[in-house]
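Engineer: Sharing a model that was predicted from the sequence below.
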Amino acid sequence: MDLSTNYLGLSLKNPLVPSSSPLSADIDKIKVMEDQGASAVVLHSLFEEQINFEALEINYYTTQHAEWFPEALSYFPEPEKYHFGPEEYLEHIQKAKAAVDIPIIASLNGVTDGGWLRYAKEISEAGADALELNMYYIPTDIYLAGAEVEKLYVNILKAVKKEVAMPVAMKVGPFFSSTSAMVKKLVDNGADGVVLFNRFYQPNVNLETLEVVPQVILSTSHDSLLPLRWIAILYGQISCSLAASSGVHTAEDALKLLMVGADVVMLCSALLKKGIAHLSTIGQDMQNWMEQKEYSSIEQLKGSMSQKSVPESAAFERANYMKALHDFREKTI
């Protein structure tokens, strides 16, 4: 059974890649991930704000006139609350590379075209095998056109590509007027891969304290359906690697995403819920299913259920919406 795959030009022993999470902040946990079958690991993110904190920029702007909006300061962690600063992050890459044999993919998280992007070069020099640019951006300005938002993504990508020779993947959210066109634009401007999708954590309101509070809700298998649809649509139309992120909890989730065209599947919530050893369970269950269905390799099944390959390609488009509502109505009447 050949479980190997290729992602960002990296030859991986299988398609299971732990995504950016607190787990990868611990070298011992990265070793366990490798032992349990991870083919690569995406490190936790280095945030633009962390780098700016070190340069005293954010600290300046969030302390000036603090008496005007004191509650706003609570949304930024204090600099010392970050697990790693920029220099510690670079050291962490070096330690991770020395500790394991699988590729280490660093993660930069930011939204502006600024000096923090120079760390892409330092990340490369620290030994990372690839870089994931995690774009978590909420455009709240009602005068900011969608084209300008897309330009922001492209500008950051181009700035990083000028700095590094290593592969770069863009991790993006689903909120574009044309997801397909946006992904193509990223590929045309140098993206070696696209990670679909970033999960946008929504704030909540505490009715007791009357405060807006942050919250993290871990994914379920249902969340895999969004990347499944878009990877199925994009497969065969673009020339970059495709990574599925969100909702990978079981071998079934992983297999479906691979069959619509993903090169790798990324796991986070499943490992936080069930432990790192769950990687091994998913890997073994995938292999058992492939043997039962007489698949000899990941390459053989990859893309076999994409829009390009299935007889009814409209299943991934508007026709699916209409049929789903019709079938649901028949069941409820």
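Structural biologist: Looks like it arrived, so ask away.

Engineer: lowest-pLDDT helix or strand in the chain?
Structural biologist: Ranked by mean pLDDT, DSSP states H and E, the weakest helix or strand in the chain is helix 57-63, scoring a mean of 46.

Engineer: can you tell me which helix or strand residue 253 belongs to?
Structural biologist: Using DSSP states H and E, residue 253 sits in helix 251-259.

Engineer: Can you name every helix or strand that that helix contacts?
Structural biologist: For helix 251-259, the contact count by 3 or more Cβ pairs under 8 Å, 6 or more residues apart in numbering; DSSP states H and E identifies helix 225-234, strand 264-267, helix 278-292, helix 298-301 as packing neighbours. For every residue, glycine as well, the C-beta is placed using N, CA and C.

Engineer: quick one: buried residues of that helix?
Structural biologist: 251, 253-259 (16 or more other Cβ atoms under 10 Å).

Engineer: next one: it to chain centre, how far?
Structural biologist: 17 Å (Cα atoms, centre = their mean, to the nearest Å).

Engineer: just stretch 114-127 next, same as before
Structural biologist: The answer for stretch 114-127 is 19 Å, by Cα atoms, centre = their mean.

Engineer: Just the buried residues of that stretch, please?
Structural biologist: Buried residues in stretch 114-127, counted by 16+ other Cβ under 10 Å: 116-117, 119-120, 122-124, 126-127.

Engineer: just the CA coordinates of the longest helix along the chain, formatted as PDB?
Structural biologist: For the chain, the helix with the greatest residue count under DSSP state H is helix 146-163. Taking Å, rounded to 0.1, in the frame of the first residue of the first chain, the C-alpha atoms of helix 146-163 are listed here in PDB:
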ATOM      1  CA  GLY A 146     -13.600  43.400  -2.400                       C
ATOM      2  CA  ALA A 147     -10.900  44.000  -5.000                       C
ATOM      3  CA  GLU A 148      -8.800  45.900  -2.500                       C
ATOM      4  CA  VAL A 149      -9.100  43.000   0.000                       C
ATOM      5  CA  GLU A 150      -7.900  40.600  -2.600                       C
ATOM      6  CA  LYS A 151      -5.000  42.900  -3.500                       C
ATOM      7  CA  LEU A 152      -4.000  42.800   0.200                       C
ATOM      8  CA  TYR A 153      -3.600  39.100   0.100                       C
ATOM      9  CA  VAL A 154      -1.700  39.200  -3.200                       C
ATOM     10  CA  ASN A 155       0.600  41.900  -2.000                       C
ATOM     11  CA  ILE A 156       1.600  40.000   1.100                       C
ATOM     12  CA  LEU A 157       2.200  36.800  -0.900                       C
ATOM     13  CA  LYS A 158       4.400  38.700  -3.400                       C
ATOM     14  CA  ALA A 159       6.400  40.300  -0.600                       C
ATOM     15  CA  VAL A 160       7.100  37.000   1.000                       C
ATOM     16  CA  LYS A 161       8.000  35.300  -2.300                       C
ATOM     17  CA  LYS A 162      10.600  38.000  -2.900                       C
ATOM     18  CA  GLU A 163      12.200  37.100   0.400                       C
END
